[in-house]
Structure formats: C-alpha cells, structure tokens
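Student: please work out how this folds:
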Amino acid sequence: MSDVFDVISTIGVVPVIAIDSVEHAVPLADALLAGGLGVAEITFRTEAAADVMARLRDQRPELLLGAGTVLSPDQVKRAMDAGAAFALAPGFDPAVVAAAEAAGLPFAPGIMTPSDISLATARGCRLMKFFPATPAGGPSMLKNINAPFAHLRAKYIPTGGVTLDTMSEWLSLPEIAAVGGTWIAKPEDMRAGDWQAIEAKARAAVARAKELRG
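Tutor: Below you'll find the model as predicted:
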C-alpha cells in the first residue's frame, strides 16, 4: 500500500462526505480538523465535489484529501486536478484501476464478493473498499470472503452502515485498514451549518479508533 494509505490506516476512520455547496468546504474541513480528524473522502455524488476538493487543496492543505465514488477515468483525472491524494470507488472497474495507476493516484476499488477480490488483487490492488459493508453481511462476511486471499495481506475499508457503535466490530479484524464513516458529516448537518455536531462526531470517531487500536 502507498504511504497515504498507511496514514489512513493509522487514523482508523475516514469520513465519507457528499457535500452540496463549495461554500461549506472550509467550515467542514475546520470542523473535522478541530475534532482531530485530518482526512476526508469527498464523493463524486454531487456536482460540487471537484470544486470542493480544489478549495480544500488551496485553503486547507493540512487535510488529507481523497475522492470517493470515482466511477470513470475522467473522474480520476478530475480528482487529480482538484488535489486528491487518494481515491476510492464503490465497485471494481479495470479501466478506472488502470487510469489511477497511470496517474500515480493511490486507489482502492470497491469489492463485495470473492470474485471482486480476485479481480482486484490480480490488478495489484491491496487496499479495497468493502461496500455496502453492513447490508453485505458485516464483519463476519468480510472475514469469510477474505479468508482465501489472506496470504496476499490485503486490507479493507468497510463503508456503508458502519456506525460509531459498530466500529469496534470492524477494527478488531486484522484485515481492516480503517472504516468509512458516512455518519460523521451528514448532508443535513452541513445544510444546517451545524459544524459543532460534525466536530463532535469526528472527535468521538477518532477517540473510538484510538481506544480500539491503542
């Protein structure tokens, strides 16, 4: 894995964020940083995503910035141009993996089945997003589908249905690099300008990760 993913593994939690407004970018970053969380995955689920990343690159360079929901080679380029240091996707697309590799962008494709893992590891991927983590069967499911690939020392970021209360179930597994936290910065909190709520959730997530990982 890349140095960027090593940093993410040390942190233990990545907030997964769908942000509607560029004007919310800096207040969001400040809330996360105040809560001790120095990483963010800005998903391409909104039209504002690339502009949000560019603003964070320029105004909050201390935040480790990632792009999420990267579904095409064009989005790989847009993520790089906007300053993303890493990228993730909900599924495995060999064209996107190839584009990220060619661009030198650390990339984690999404997996949900042994076939997905087989395809991703064959392309050299050693960090993958397990999505949707809870609906797909939770920690037990991931532990079992990863078993035939354990010798490859792959790592995973489960995302989708993970909560503060279930973090311990995931982070206790040796194959988990970090959890994806969609609960940390919800769209409704950003629209309401409730940055204190986001800061509090970020702080609680960081504290839980440190508690679990020592």
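
Student: so which residues of the protein form strands?
Tutor: Under the criterion DSSP state E, the chain contains strands at 13-17, 39-43, 64-68, 86-88, 107-108, 110-111, 127-130, 155-158, 179-181.

Student: among these, which is nearest K210?
Tutor: Taking Cβ to Cβ, strand 13-17 is the member of the strands of the chain nearest to K210, at 9.9 Å. Glycine gets a C-beta too; all of them are placed from N, C-alpha and C.

Student: for that closest one, packing partners?
Tutor: strand 39-43, strand 64-68, strand 179-181, helix 195-213 (3 or more Cβ pairs under 8 Å, 6 or more residues apart in numbering; DSSP states H and E).

Student: let's go with 6 Å and repeat that
Tutor: strand 39-43, strand 179-181 (3 or more Cβ pairs under 6 Å, 6 or more residues apart in numbering; DSSP states H and E).

Student: what's the burial count for D93?
Tutor: Each residue near D93 was counted by other Cβ atoms under 10 Å, and the total is 17.

Student: got it, and the one 10 residues further on?
Tutor: Neighbour count for A103, taken as other Cβ under 10 Å: 16.

Student: correct me if wrong: it contacts M80.
Tutor: Yes. Judged on Cβ atoms under 6 Å, A103 makes contact with M80 at a distance of 5.4 Å.

Student: so can I have JSON lines of the strands of the chain showing mean pLDDT and distance to P148?
Tutor: Formatted as JSON lines, the strands of the chain follow (pLDDT from 0 to 100; distance: least, Cβ to Cβ, whole Å):
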{"stretch": "strand 13-17", "mean pLDDT": "98", "distance to P148": "26"}
{"stretch": "strand 39-43", "mean pLDDT": "98", "distance to P148": "28"}
{"stretch": "strand 64-68", "mean pLDDT": "98", "distance to P148": "28"}
{"stretch": "strand 86-88", "mean pLDDT": "98", "distance to P148": "23"}
{"stretch": "strand 107-108", "mean pLDDT": "98", "distance to P148": "20"}
{"stretch": "strand 110-111", "mean pLDDT": "98", "distance to P148": "13"}
{"stretch": "strand 127-130", "mean pLDDT": "98", "distance to P148": "14"}
{"stretch": "strand 155-158", "mean pLDDT": "98", "distance to P148": "14"}
{"stretch": "strand 179-181", "mean pLDDT": "97", "distance to P148": "23"}
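
Student: can you put these in CSV and add mean neighbour count and distance to N146?
Tutor: Listed next are these as CSV, based on neighbours: other Cβ atoms under 10 Å; distance: least, Cβ to Cβ, whole Å:
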stretch, mean neighbour count, distance to N146
strand 13-17, 26, 19
strand 39-43, 25, 22
strand 64-68, 25, 22
strand 86-88, 26, 18
strand 107-108, 29, 14
strand 110-111, 26, 9
strand 127-130, 28, 9
strand 155-158, 26, 7
strand 179-181, 26, 15
